[in-house]
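>>> From the sequence below, what's the structure:
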Amino acid sequence: MYIKSIVLDGFKSYGNRVEVTGFDPEFNAITGLNGTGKSNILDSICFVLGITNLSNVRAGSLQELIYKHGQAGITKATVSITFDNRDKRQCPIGYENHDEITVTRQVVMGGKNKYLINGINVQNKRVSDLFCSVQLNVNNPHFLIMQGRITKVLNMKPPEILSMVEEAAGTRMYEAKKQAAQKTIEKKDAKLRELNDIIKEDIAPKLQKLQDERSQFQEYQKVVRELENLTRLYVAWKYVTAEKSAKEAEAKVTQVQDEIKEKKENIKKNEKEAKDLDKQVAELNKKLDEESGCALQRLEGESAGAERDEAALASAARAAADLLAASQARARLLQRALQDDSAALHAKSRELHQVSSTFESLKSASETSEAALAEAQQKFLAVSTGLEGASESLQDQLMAAKQEASEASTRISQSTMEKKHAEDRLKTLEREFKSSSSQYQRDQDSIAKHQAQVDQLQAELSRMNFNEERRSQLKESVRSLQSSVRAKRDAADTLAARLQRCDFRYQPPQPDFDHSRVAGG
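Purely as a prediction, here's the structure:
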């Protein structure tokens, strides 16, 4: 590869575009008078090759390379060198298909600098690699041997000669790349150590804290699930217990109602017996009126006493009925507190038994009075017929009968008072029973509503084919898959960070670039 032509435009003393041709592949020399621009041609070659030490081209900055420093209306300096690349043995890497290679460097006022290879804008590193691959390193201190440096070259020491040979052979480029790569590796290692320190000091404690919080959250979720299961079991147990209690209450209510019905029948029977007694007393009064007038009037008091006894018996019967109603109300109240109500029911049963015993005693007293009345009537008949032999007189017998009637009246008043107290107690128990009955009905309605909801939920669960064990297995599977995905993502991020230099994303050089012109594309 050798120079075919050089084009200078605005570079140093070449204000207009000048093309220099006729270069020989082996040896070239530039001759001419002083001030004709011989050195500027060599400086242009070094300029295109990418020289960094501008003192070798006799300039302090890139702006000084522009014609008259840009004061003549020219604001940029451009140098293009065309190389003959037909000899593929000395061809740069990547340009085997090009017979000519044109390298252009342009500098603009203000410091803007750019390179072009075959008309394509490239970076400085690309041009440097191009020339180093064909042993053209303009920044090599031995590339340009100025006047007075030949003696110094001859007196070089072996390391210096080795360095010059490496530059000439082109291996120096790879050594420079190696050193640059080592520096880059050192920087990356320092950065990696810094990142490791940050991970160890900042990220690792936070990560450990997050792991602890995650384990605590998982434990919390486990406790919540167990609490939900226990709550369901408790609700089910409570429902079953309530249903069982309701059935027992219904049975006890039925029993109490049977007892109340039996007591009502007893009351009706007692009322019937009281009516029979009234009829008997009326018949006795009628007989007394028919048999004797005066004696009957005397015994009217006894009859009134018997009537009072009968009224007392009726009041006792009503008291028993009121007491029975009180027991019925008390039984209804026992639906909310079954044990207490049962005890109260037994107490009222004992009271009813006492009233019944009182009624029986009054009944026996009435029978005794009837017997005394019959005996008095017999005595009255005996006296009226003139019979003698009685141990007492008729007046004494009447006094005894009046005394017995007074005692019977006293017993009747006592029974009336007991009946009144029993009626008051019965009304109180009836009110309590009504309130207990309404609460029992509300409880029954609530139980029925909840039972309907439970049946509906059970039907929905049966339609969904819900399985708690299967649900738990699916949740565990999802959690394991999520942890696996996170592990894979972390591994992918680690590999991407490690191989980021290998992550190549192709972009077309031009928006309308034809990919069919690229071999292997």
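>>> where does the stretch 151-300 of the chain dip in pLDDT?
Within the stretch 151-300 of the chain, the stretches with pLDDT under 70 are 167-170, 172-173, 285, 288-300.
>>> Please point out which parts of stretch 114-125 sit buried.
Going by neighbour count (16 or more other Cβ atoms under 10 Å), the buried part of stretch 114-125 is 115-117. The C-beta positions use only the backbone N, C-alpha and C, and glycine is treated the same way.
>>> Kindly format the C-alpha coordinates of that stretch as CSV.
The C-alpha coordinates for stretch 114-125 follow below in CSV (Å, rounded to 0.1, in the frame of the first residue of the first chain):
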residue,chain,number,x,y,z
LYS,A,114,-13.1,14.7,12.1
TYR,A,115,-11.8,11.8,10.1
LEU,A,116,-13.3,10.1,7.0
ILE,A,117,-12.4,6.8,5.4
ASN,A,118,-13.7,6.4,1.8
GLY,A,119,-16.2,9.2,2.6
ILE,A,120,-17.6,7.6,5.8
ASN,A,121,-17.1,9.5,9.1
VAL,A,122,-15.1,7.4,11.6
GLN,A,123,-13.4,7.9,15.0
ASN,A,124,-9.8,8.7,15.6
LYS,A,125,-9.2,5.2,17.0
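>>> Looks to me like residue 438 is in a strand.
No - applying DSSP: H, G, I helix; E, B strand; the rest coil, one finds residue 438 to be helix, outside a strand.
>>> Output the lowest mean pLDDT helix or strand found in the chain.
Across the helices and strands of the chain, mean pLDDT, DSSP states H and E gives its lowest value to helix 294-298, namely a mean of 53.
>>> what's the neighbour count on the closest residue to residue 242 other than its chain neighbours?
Spatially, and ignoring its direct neighbours in sequence, residue 242 is nearest to residue 447 (6.3 Å; Cβ to Cβ, 6 or more residues apart in numbering). Residues near residue 447, counting by other Cβ atoms under 10 Å, number 15.
>>> Check residue 78 too.
Neighbours of residue 78 (other Cβ under 10 Å): 20.
>>> cool, residue 495 as well?
11.
>>> where along the protein do the strands fall?
Using DSSP state E, the strands of the chain run over 2-9, 18-21, 76-84, 100-108, 112-117, 120-122.
>>> Specify the angle between the third one and strand 112-117 in degrees.
Read it as strand 76-84. If you take axes from the mean of the first three to the mean of the last three Cα atoms, to 10 degrees, strand 76-84 sits at 20 degrees to strand 112-117.
>>> just the fourth one next, same as before
Regarding strand 100-108 and strand 112-117, their directions subtend 170 degrees when assessed with the same axes, to 10 degrees.
>>> Which elements pack onto strand 100-108?
With contacts taken as 3 or more Cβ pairs under 8 Å, 6 or more residues apart in numbering; DSSP states H and E, strand 100-108 sits against helix 38-49, strand 76-84, strand 112-117, helix 124-132.
>>> rank the ones you listed by pLDDT, which is bottom?
Among these, helix 124-132 carries the lowest mean pLDDT, at a mean of 84.
>>> list the buried ones in that one?
Residues of helix 124-132 classed as buried under the neighbour-count rule (16+ other Cβ under 10 Å) are 127-132.
>>> Output the residues you listed in JSON lines, with distance to residue 102 appended to each entry.
Output for those, formatted as JSON lines (distance: Cβ to Cβ, whole Å):
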{"residue": "127", "distance to residue 102": "12"}
{"residue": "128", "distance to residue 102": "17"}
{"residue": "129", "distance to residue 102": "17"}
{"residue": "130", "distance to residue 102": "12"}
{"residue": "131", "distance to residue 102": "14"}
{"residue": "132", "distance to residue 102": "18"}
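>>> Let me know the closest of those to residue 255.
residue 129 (110.6 Å; Cβ to Cβ).
>>> Kindly provide the distance from that closest one to residue 84.
20 Å (Cβ to Cβ, to the nearest Å).
>>> Then residue 123?
25 Å.
>>> cool, residue 21 as well?
Relative to residue 84, residue 21 is positioned 12 Å away (Cβ to Cβ).
>>> Residue 96 too?
Residue 96 is 14 Å from residue 84, by Cβ to Cβ.
>>> who has more neighbours, the two?
Ranked by neighbour count (other Cβ under 10 Å), residue 96 and residue 84 place residue 84 first, with 15 against 9.
>>> Find me the pLDDT at the nearest residue to the more buried one once chain neighbours are set aside, would you?
Once flanking residues are discounted, residue 84 sits nearest to residue 4: 4.9 Å by Cβ to Cβ, 6+ apart. In this model, residue 4 is scored at 90, pLDDT.
>>> Number of residues surrounding residue 4?
With other Cβ under 10 Å as criterion, residue 4 counts 17.
>>> contacting residues around it?
Going by Cβ atoms under 8 Å, 6 or more residues apart in numbering, residue 4 touches 21, 23, 82-84, 100.
>>> Which other helices and strands does the helix ranked longest in the chain contact?
Longest helix in the chain, counting residues (DSSP state H): helix 204-291. If contacts are counted by 3+ Cβ pairs under 8 Å, 6+ apart, helix 204-291 sits against helix 294-298, helix 300-333, helix 338-384, helix 394-464.
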